[in-house]
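>>> I would like the atomic coordinates for the input below:
(4 chains)
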Protein chains: 2
Amino acid sequence: MNNQYRILFAEDDKALRDITALFLRKNGFTVDTAEDGNEAAAYAEQNRYDLIILDIMMPGKDGKDVCRAIRKKYDVPVIFLTALGEENDIIDGYEVGADEYITKPFSTKLLLVRINALIKRYHGLLIKDGKLRIGEIEIEPARRCVKVSGKIVSMAPKEYDLLMYLIDNKNIILSRDQILDRVWGMDYEGCDRAVDTHIRKLRTALGDASRHIETVIKVGYIWKD
Amino acid sequence: MNNQYRILFAEDDKALRDITALFLRKNGFTVDTAEDGNEAAAYAEQNRYDLIILDIMMPGKDGKDVCRAIRKKYDVPVIFLTALGEENDIIDGYEVGADEYITKPFSTKLLLVRINALIKRYHGLLIKDGKLRIGEIEIEPARRCVKVSGKIVSMAPKEYDLLMYLIDNKNIILSRDQILDRVWGMDYEGCDRAVDTHIRKLRTALGDASRHIETVIKVGYIWKD
DNA sequence: ATGCCCTTTTCACAATCCGTTCACACAAAA
DNA sequence: TTTTGTGTGAACGGATTGTGAAAAGGGCAT
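Below is the predicted model of the structure:
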């Protein structure tokens, strides 16, 4: 399991697709790219994304069709791209459930601003320079690198995933079942004390900063700012 | 896969255009030339460049118009050329989003310095004399030639492509899937352990310098400076 | 077409790292 | 106090990756 924010980026112009995907990866996102509507729909069917960016004009299924299909399946922020002056698309876009609308040409900077706004709206977190800051902790998702008060803290994969999940849902009590479902996967069959063990390891790794992780007896755990 | 940097060079003086383009190509860049503003705008519309060099005074669209048009479309470093003493152009140039400014006549050496500075700023890489340097490694993309601490290292095509992909995305974790998509091609069907094998070969080839390639367990690989 | 060489892929095994479980200590609720 | 829930450390088992070699694939000259 990987807790970088996952973005699906569907755009038929290969050059634009590549350059934008690289830019997004540099900013800490995990990016899957699709070159047409059908590929995008297939990806969205098979995976869960934190954000989906769709070009409206694409061969095969157009962006709006893809968006409608996705919206039936699960709730995820969607950004539409369209050529300048296609105002009708904008209306339609919002109708099928788009959250943001960007006209091409756009600067990568603008795109990032919109993405961060959406992530913040959906998760309550702020990303700056590809780094996620929360108290004395700084996380660089692109490198799965965690620093506490400036010092790099090495972390096993599950510890990192667990940390990201807690932070993603900060100030919300998470039951062991919820944690197991999201961090371990729905299909996990083992005993739920595995969570306790990983919480302990995470606490050890975080040192002082572990005070943010509080035990809610008989319920689960919570990350408090 | 083409890992040379692409430059668009717009200049109406044919002699200067040809000699400069030749010089840039000798230094490992892929160069498209345009002889006026309209041609430059058309090229920029149809292709993606890693750098654009624009003469300000050109027939048709002048350099500033072209720059404005490009800036609306995508984010790319732009260098302006202008005749000596046209200070107003400098002001305007930065206004429309130029990154660098070079007065004619200029030495090819100076141009190269500025180009490298920009490429480095945008990509985090250093190119000098057509060679890309990263730590003790020196790569000549034009010849697909790699040196480690001055010693030529022979490398199979996939190893080279893999190296370039890692470097292009340095300090970013790349999953085996991402690597397979980019270096092998989307349509690759084999098992993803092929990546591991090539990583090993690349490590062997790089010797000491292989310490830059780190394994991120359960996720993929990363090139760290 | 054939054989050769280089590259790529696959496989089996080794080494390493990670996750899970257990037993017990301790703390909180009943 | 009893009961239930959580913290802790160590040990086991399993998953993931490193490694070498062998098989498969492709290009090129003969």
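
>>> where does chain A come near chain B, residue by residue?
A:2, A:15-16, A:18-19, A:22-23, A:25-26, A:30, A:104-109, A:142-144, A:156-157 (CB under 8 Å from any CB of the partner chain). C-beta here means a position set from N, CA and C on the backbone, and glycine is covered the same way.

>>> Narrow the residues you listed to just the buried residues.
Among those, those classed as buried by 16 or more other CB atoms under 10 Å in any protein chain shown are A:2, A:16, A:19, A:22-23, A:25-26, A:30, A:104-108, A:142-144.

>>> Let's see which of those end up in strands.
Taking DSSP state E, the ones among those that sit in strands are A:30, A:104.

>>> Point out the least confident one among the buried ones among the residues of chain A next to chain B.
By pLDDT, residue A:2 ranks lowest within those, coming in at 49.

>>> dump the residue contacts of the residue lying closest to residue A:203 once chain neighbours are set aside.
Spatial nearest neighbour of residue A:203, chain neighbours left out: residue A:210 (3.8 Å); criterion: CB to CB, 6 or more residues apart in numbering or on different chains. Residue A:210 is in contact with A:202-204, counting by CB atoms under 8 Å, 6 or more residues apart in numbering or on different chains.

>>> you'd agree residue A:210 is in a helix?
Yes. Remark: residue A:210 belongs to a helix, assigned using DSSP: H, G, I helix; E, B strand; the rest coil.

>>> That one and DNA strand C: what is the separation?
Distance, residue A:210 to DNA strand C, by CB to the nearest atom of the strand, to the nearest Å: 16 Å.

>>> Could you report the separation of that residue from DNA strand D?
9 Å.

>>> what's the answer for residue A:114, then?
33 Å.

>>> Put the alpha carbons of the helix or strand containing that residue into PDB.
When elements are assigned from DSSP states H and E, residue A:114 belongs to helix A:108-123. In PDB, the C-alpha atoms belonging to helix A:108-123 read as follows (Å, rounded to 0.1, in the frame of the first residue of the first chain):
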ATOM      1  CA  THR A 108       2.100  23.700 -14.100                       C
ATOM      2  CA  LYS A 109       2.100  26.200 -11.200                       C
ATOM      3  CA  LEU A 110      -1.500  26.900 -11.600                       C
ATOM      4  CA  LEU A 111      -2.300  23.200 -11.800                       C
ATOM      5  CA  LEU A 112      -0.400  22.600  -8.500                       C
ATOM      6  CA  VAL A 113      -2.300  25.400  -6.800                       C
ATOM      7  CA  ARG A 114      -5.600  23.900  -7.800                       C
ATOM      8  CA  ILE A 115      -4.600  20.400  -6.800                       C
ATOM      9  CA  ASN A 116      -3.400  21.500  -3.400                       C
ATOM     10  CA  ALA A 117      -6.600  23.500  -2.900                       C
ATOM     11  CA  LEU A 118      -8.600  20.300  -3.600                       C
ATOM     12  CA  ILE A 119      -6.400  18.100  -1.500                       C
ATOM     13  CA  LYS A 120      -6.700  20.600   1.400                       C
ATOM     14  CA  ARG A 121     -10.400  20.700   1.000                       C
ATOM     15  CA  TYR A 122     -10.700  17.000   1.000                       C
ATOM     16  CA  HIS A 123      -8.100  16.200   3.600                       C
END
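
>>> Next secondary structure after that helix?
Past helix A:108-123, the next helix or strand by DSSP H and E is strand A:127-128.

>>> State the mean pLDDT of whichever helix or strand comes after that following strand.
Counting by DSSP H and E, the next helix or strand C-terminal to strand A:127-128 is strand A:131-134. Averaging pLDDT along strand A:131-134 gives 85.

>>> Can you list the low-confidence ranges for chain A?
Along chain A, segments meeting pLDDT under 70 span A:1-4, A:84-99, A:105, A:124, A:129.

>>> got the residues of it near DNA strand D?
Taking CB under 7 Å from any atom of the strand as the contact definition, chain A meets DNA strand D at A:193, A:196-197, A:199-200, A:203, A:215-220.

>>> Which single one of these is nearest to chain B?
residue A:197 (17.4 Å; CB to the nearest CB).

>>> And the next helix or strand past the helix or strand where that closest one lies?
Secondary structure assigned from DSSP H and E places residue A:197 in helix A:193-206. Where DSSP H and E defines the elements, the next helix or strand beyond helix A:193-206 is strand A:213-216.

>>> How about that following strand and DNA strand C, any contact?
No. Strand A:213-216 lies out of reach of DNA strand C by CB under 7 Å from any atom of the strand, never closer than 8.7 Å.

>>> Check which helices and strands the very next helix or strand once past that strand is in contact with.
Sequence order places strand A:220-223 as the next helix or strand after strand A:213-216, per DSSP H and E. Applying 3 or more CB pairs under 8 Å, 6 or more residues apart in numbering or on different chains; DSSP states H and E, one finds that strand A:220-223 contacts helix A:157-168, strand A:174-175, helix A:176-179, strand A:213-216.

>>> Name the residues that touch the third one?
Just to be clear, that refers to helix A:176-179. Counting by CB under 8 Å, 6+ apart, A:162, A:165, A:192, A:195-196, A:220-221 sit against helix A:176-179.

>>> Turn those residues into a markdown table, including neighbour count.
Converted to a markdown table, those look like this (neighbours: other CB atoms under 10 Å in any protein chain shown):
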| residue | neighbour count |
| --- | --- |
| A:162 | 26 |
| A:165 | 17 |
| A:192 | 14 |
| A:195 | 23 |
| A:196 | 13 |
| A:220 | 18 |
| A:221 | 20 |
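
>>> Including distance to residue A:43, could these go into TSV?
Listed next are the contacts of helix A:176-179 as TSV, based on distance: CB to CB, whole Å:
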residue	distance to residue A:43
A:162	26
A:165	23
A:192	32
A:195	30
A:196	35
A:220	32
A:221	32
